[in-house]
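>>> I'd like to go over a predicted model; first the sequence, then the structure.
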Amino acid sequence: MLAWGRRAKDERVRERAHPGARLFVLWAGALLWAIVVLCRLVQLQVVSHKTYKEQADHQQNHILRVDAPRGSVFDRDGHVLAMSVPADSVALDPLLVPDRGLAASILARALGVDREELLARMDAAVEEHRLALEQKRKPKGTGFLWVKRKIAPGEAEALRSLKLDWVEFRKEPHRYYPDGPLASHVVGTVDFQERGNLGLEQKLDRDLNGRAGKVSMLTDVVGRPIESTVSAEAEPGESITLSIDESIQFVAERELRAACEFYHASSGSTVVMDPHTGEILAMASYPVFDPNQPPSPEEPSTARFDHPVSVAFEPGSVFKIVTVSAALETTSLKPETPINCGNGTIRLGSRVIHEAHHGYGTLAVADVLAKSSNIGAIQIGLKVGEKNLLDYVHKFGFGKTTGIPLPAESSGMIRDLKHWGKTSIASVSMGHEVSATALQLAQACSVIANGGVLVRPRLILKRQRPGGKVENEAAPAPERVLKPETAITMRQMMEGVVLRGTGKAARLAGYTSGGKTGSAQIFDLQTKHYTHMYNGSFVGFAPVTNPAVVIAVTLNGVHMFGGVVAAPVFKNVATETLRLLAVPKDIPEVEPPPLANPEEANDVAIADMSTPPEDLEQLPPPPVVRPAPAKVPAAAVAVVASPSAVMVTGPAAPSFEGKTVRAVIEQSLAMGVPVEVVGSGIARQQAPPAGSPLNPGEKVKVLFR
Amino acid sequence: MATRAISFKRADQPVAAGGETWTSEPGSNKLRPLPSEDVYFFIKKIDNSRVVREADPAGHRRAVQAGLKGFAVAGLLILLLMPRALEMVAGYRIHSLSADHERLVNQKSALALEEAQLESPQRLQVLAGQLRLVNPDPKHVVMLNSAKPDSALAMMNVGR
């Protein structure tokens, strides 16, 4: 014990003599540990830097493509015609699916896909992976399998609620056209990759699509993004505002469809245009299609043709407005100048040409247009001369495209003078040996309606990128075609067509109107003969004194004249359009009588002038028919009630005309009829008119001046 | 030499070398002697109750400095690492907000689409039919506050 005590004592003595020894040991150990750590750090961060950096980049850094949203298309009032909305697409990795049979059943039920087909695809993917492992090669495919793309929101919600962790949802843009077939030929369609393949979607695809960007993203271990760097800025697509008015477009399509179905037309076109600015308010084509649905075998083959723009046809008698305009400009002819119509016969060289219907002796130029005399038009054309006539044909915009931003625009056809035959002057005067689109006809009629200036049709009003400024589309400069007085004279003559000529079915209640009918025989390419099928047309404007709209209507492949099939469409469309545009009336609202005899609208331009018209006269007299009221589309399932079927309860509107404000108010109080006073002075007008039945609570608006 | 057994006998009274019984004296520092030994141990009780640590300003200073240095190093490390941590947290937040923003934009687009579908002319036509609304006859339409100039207003036969 003493030795032990002595030893401990020695140690304590030694310790007191050397106090840092243990500390030194401690520090040495720490230093050694630090050196080890440092060496490991150097090995990881210097020696193996590249390897680990690559691994980290691979795991953490992702280059993502940022889709640029496709621009929307609006009508002139901002209503959406086309827009892209992200839609869910469903995908999975078959290798991660626990039970492929069950998965296929679940997905088939939730998404409406074919269970067997899906299961076969999943099994094929798994088998391929297994074979690849066996053969020690890279498997074809990445294990990624689309189940269904761009599913409906309801389907996505239902599938999400199942909380299946082996199902992956991805967002893809989906193009929607909320108005369905409305303006579908103008707006167009996109394919599955959101690339335009029809209409404006195709023509302006680059502007609408924008440019995708790239983002470099740093993610954590579970894939959540931590930071991102934009390596290429995404450029969103331009949104485009059209000149189309959704309401007018709807009316035009409705009336065109009703007429085409009633008269069994193979196709049809309607163009509604502002003659002063060239803005296209509506452009309807028949047959129609739904851009929200892919093309189907049941769809007519011409459903996706944009007839007003792409399909040129021989216009027939509507072309006489060009002939007569040229005559007023280049000859001494006046509206009252008599023209010898040869009692229905004219000889041109060795050919004898007959009138399509009963012959006329002598007609004034105005009546040549009103009655649509072919002989009279030929006589006028001969006075104009080939060169002048061709010159004015070009001036009116025929034979070249209008420049409208739609694909596949037809320029129509007009031959050069050197290709004209001996009777070409006669044919062209009547609207044959030329071809034109409905849009070109509307453009030509606008020249007369706006005072003699060629205004190019405009479809785009403005463009705008999200967050960018609005860019108004510049209108092309107009070109003078006719003298203003010639245009005014032509307007008056075209009013004669409607008042006493072949266009009586185009008369409007409350507005003056003018126009020209056309019934061009259709040429059969197989038999190489003109048939007794017509392209029935009417181009016109309203009101006459200050035209607000020009409307061109064409029904192709009908058995009736343009004045019977197309003029009523003009009337219905013009009535609604003028009301929507709030154009003031210029004549009393007297409903014009219907066309009593369709023969009054006979304006057939003889196409094959070597054929006498006997075969036409042998046709049975056409039935006296009127177009059925425009029907609501089948999907709408509604019946539009006629005015007489409106339920009305209550008194009739009293007459306040000529009374002072005080007297009107006293009378209204006495009768219990609410009135709305506008202006001051004496009552000049009221709405509803006196005697009209009033609905309960309906006010009578009285205008005082 | 005494054996351990004898050394640690406790029952016995201590016996001095001369065979005398030893008793401790009060206040004495002397421990009882070992039996048969001439070795005497003395105990001294040291009262440290009045001992006060000697003031060591230098050492205190060193300790404080060491503490401050430690804090400084720790603070420096925190300062160096905090922005990175805050950056990560902010990154999460930014991307979460970005995802929310995108979700709301998509929702707005979907609502705009739904609004457009509800306002489509076809649907309004159906509703008009159900409500027995019809397009007005021309004679029921009077333009009182037309935006267009009424240069075309040739005459109004109000006396019919």
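Yep, it's here.

>>> CA atoms for contacts and neighbours, from now on please.
Noted.

>>> what's the longest helix in chain B?
helix B:57-118 (DSSP state H).

>>> is chain A contacted by that one?
Yes. Interface with chain A: helix B:57-118 contributes B:88-92, B:95, B:106, B:109-110, B:113-114, B:116-117 (C-alpha under 8 Å from any C-alpha of the partner chain).

>>> and those, which is closest to A:Ser84?
Set against A:Ser84, the nearest of these by C-alpha to C-alpha is B:Ser109 (7.9 Å).

>>> for the closest residue to that closest one other than its chain neighbours, what are its contacts?
Residue nearest to B:Ser109 in three dimensions, not counting chain neighbours: A:Val85, with 6.0 Å by C-alpha to C-alpha, 6 or more residues apart in numbering or on different chains. By C-alpha atoms under 8 Å, 6 or more residues apart in numbering or on different chains, A:Val85 lies in contact with A:173-176, B:106, B:109-110.

>>> again, but for A:Val90
Contacts of A:Val90 were listed using C-alpha under 8 Å, 6+ apart, and they are A:146-151, A:167-170.

>>> could those be laid out in a markdown table, adding neighbour count?
Shown next, in a markdown table, are the contacts of A:Val90 (neighbours: other C-alpha atoms under 10 Å in any protein chain shown):
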| residue | neighbour count |
| --- | --- |
| A:Trp146 | 14 |
| A:Val147 | 20 |
| A:Lys148 | 16 |
| A:Arg149 | 17 |
| A:Lys150 | 19 |
| A:Ile151 | 15 |
| A:Val167 | 19 |
| A:Glu168 | 17 |
| A:Phe169 | 17 |
| A:Arg170 | 12 |
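
>>> need the max-distance pair from the residues you listed.
A:Lys150 and A:Val167 (14.7 Å).

>>> what's the helix or strand that A:Leu369 is a member of packed up against?
Assigned by DSSP states H and E, A:Leu369 falls within helix A:365-371. The contact analysis (3 or more C-alpha pairs under 8 Å, 6 or more residues apart in numbering or on different chains; DSSP states H and E) places helix A:365-371 against helix A:320-330, strand A:338-340, helix A:374-384, helix A:484-500.

>>> contacts for that helix next, please.
Contacts for helix A:365-371 (C-alpha under 8 Å, 6+ apart): A:320-321, A:324, A:333-339, A:374, A:376-377, A:493-494, A:496-498, A:500-503, A:516, A:603.

>>> domains of chain A?
A:24-57, A:65-242, A:246-617, A:645-704 (automatic domain parsing).

>>> so which of these gets nearest B:Asp100?
Between the domains of chain A, domain A:65-242 lies closest to B:Asp100; by C-alpha to C-alpha that is 13.6 Å.

>>> A:Leu555: how many residues sit nearby?
31 (other C-alpha atoms under 10 Å in any protein chain shown).

>>> ok so, going back, what's the average pLDDT for the helix holding A:Leu369?
Across helix A:365-371, the average pLDDT comes to 93.

>>> likewise stretch A:670-690?
The average pLDDT for stretch A:670-690 rounds to 82.

>>> same deal with stretch A:87-100?
Stretch A:87-100 comes out at a mean pLDDT of 88.

>>> ok, A:Leu119 to chain B distance?
33 Å (C-alpha to the nearest C-alpha, to the nearest Å).

>>> in space, what's closest to that residue - neighbours in sequence excluded?
Nearest to A:Leu119 is A:Ala104, by C-alpha to C-alpha, 6+ apart, at 5.6 Å.

>>> test my guess that the one you found contacts A:Arg115.
Yes. With contact defined as C-alpha atoms under 8 Å, A:Ala104 reaches A:Arg115; the gap is 5.4 Å.

>>> one step back: what's the spacing between the helix holding A:Leu369 and its chain's center?
36 Å (C-alpha atoms, centre = their mean, to the nearest Å).

>>> next, the buried residues of it.
The neighbour-count check on helix A:365-371 (16 or more other C-alpha atoms under 10 Å in any protein chain shown) flags A:365-371 as buried.

>>> do the same with stretch A:63-80
Quick answer for stretch A:63-80 (16+ other C-alpha under 10 Å): A:66-76, A:79-80.

>>> and the end-to-end length of it?
Start and end residues of stretch A:63-80 are separated by 34 Å (C-alpha to C-alpha, to the nearest Å).

>>> mean confidence score for that stretch?
90.

>>> mind listing residues that contact it?
A:81-84, A:173, A:178, A:187, A:208-217, A:234-246, A:461, A:465, B:113, B:116.

>>> can you check stretch A:186-201 too?
So stretch A:186-201 is in contact with A:73, A:81-82, A:173-175, A:184-185, A:202-205, A:208-209, A:283, A:291, A:306, A:405-407, going by C-alpha under 8 Å, 6+ apart.

>>> end to end, how far does that stretch reach?
Termini of stretch A:186-201 sit 9 Å apart (C-alpha to C-alpha).

>>> that stretch: how far from the chain's middle?
11 Å.

>>> buried stuff in that stretch?
A:186-190, A:194-196, A:198-201.

>>> check contacts around A:Pro335.
When contacts are counted by C-alpha under 8 Å, 6+ apart, A:Pro335 touches A:364-366, A:489, A:493.

>>> just the closest of those to chain B, please.
Of all the contacts of A:Pro335, A:Thr489 has the smallest distance to chain B: 16.8 Å, by C-alpha to the nearest C-alpha.

>>> thinking again about what came up before, in JSON lines: the residues of helix B:57-118 next to chain A, plus pLDDT.
Shown next, in JSON lines, are the residues of helix B:57-118 next to chain A (pLDDT from 0 to 100):
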{"residue": "B:Met88", "pLDDT": "88"}
{"residue": "B:Val89", "pLDDT": "91"}
{"residue": "B:Ala90", "pLDDT": "91"}
{"residue": "B:Gly91", "pLDDT": "89"}
{"residue": "B:Tyr92", "pLDDT": "91"}
{"residue": "B:His95", "pLDDT": "89"}
{"residue": "B:Asn106", "pLDDT": "88"}
{"residue": "B:Ser109", "pLDDT": "90"}
{"residue": "B:Ala110", "pLDDT": "89"}
{"residue": "B:Leu113", "pLDDT": "92"}
{"residue": "B:Glu114", "pLDDT": "92"}
{"residue": "B:Ala116", "pLDDT": "93"}
{"residue": "B:Gln117", "pLDDT": "92"}
